[in-house]
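Enquirer: What follows is a protein structure lacking sequence information:
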């Protein structure tokens, strides 16, 4: 499982004394624990599946990219670089990212399957494409391609 790999990497990084890497991995483990607590509160099984872990990691990447943009806009390049460095570490635990051609192919396929004709069908196409590309692409990129294809 992905969580076991992350925990093992945390131990290894701790032994090596890589404080930055340890910090990022601890943040990831904390995010998993929070999700487990949330699931337990709802009466669910607290163990996380790899799919749920990928979803959490994707959200963490999105948070860090937004923070990096905010820091860069405020002239804090040092903090922006730190956030982007964290993104690179987190991304190592996600599935291999889909190529632009593959994403376009899936979006086109979903438009045909759903019979989408205009921007009104955006939500349907977007949901199906995100489901197929789970963790392999950023939703903003998918949204951009869906808008482009439906706008034609």
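Expert: Arrived safely. What you see is a predicted model; the values in this text were computed from it and never measured.
Enquirer: how close does residue 95 sit to residue 54?
Expert: Distance, residue 95 to residue 54, by Cβ to Cβ, to the nearest Å: 7 Å. In this view, the C-beta of every residue, glycine as well, is placed from N, C-alpha and C.
Enquirer: again with residue 14
Expert: 24 Å.
Enquirer: Point out where the chain drops to low pLDDT.
Expert: 152 (pLDDT under 70).
Enquirer: domain assignment for it?
Expert: 2-91, 100-150 (automatic domain parsing).
Enquirer: Put together CSV for these, with mean neighbour count on each row.
Expert: Supplementary listing: these in CSV, determined by neighbours: other Cβ atoms under 10 Å:
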stretch, mean neighbour count
domain 2-91, 15
domain 100-150, 16
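Enquirer: that older thread, find residues that contact each of residue 95 and residue 54.
Expert: Taking Cβ atoms under 8 Å, 6 or more residues apart in numbering as the criterion, residue 95 and residue 54 both touch residue 135.
Enquirer: tell me what the helix or strand hosting residue 25 is packed against?
Expert: Secondary structure from DSSP states H and E places residue 25 in helix 19-41. When contacts are defined as 3 or more Cβ pairs under 8 Å, 6 or more residues apart in numbering; DSSP states H and E, helix 19-41 sits against helix 2-16, helix 50-73, helix 77-91.
Enquirer: Can I get those in JSON lines including distance to residue 29?
Expert: What follows is these, written out as JSON lines (distance: least, Cβ to Cβ, whole Å):
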{"stretch": "helix 2-16", "distance to residue 29": "7"}
{"stretch": "helix 50-73", "distance to residue 29": "10"}
{"stretch": "helix 77-91", "distance to residue 29": "12"}
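Enquirer: out of these, nearest to residue 106?
Expert: Judged by Cβ to Cβ, the one of the helices and strands packed on helix 19-41 that comes nearest to residue 106 is helix 50-73, at 16.8 Å.
Enquirer: ok now that closest one, how far from the chain's centre?
Expert: Distance, stretch centre to chain centre, for helix 50-73: 6 Å (Cα atoms, centre = their mean, to the nearest Å).
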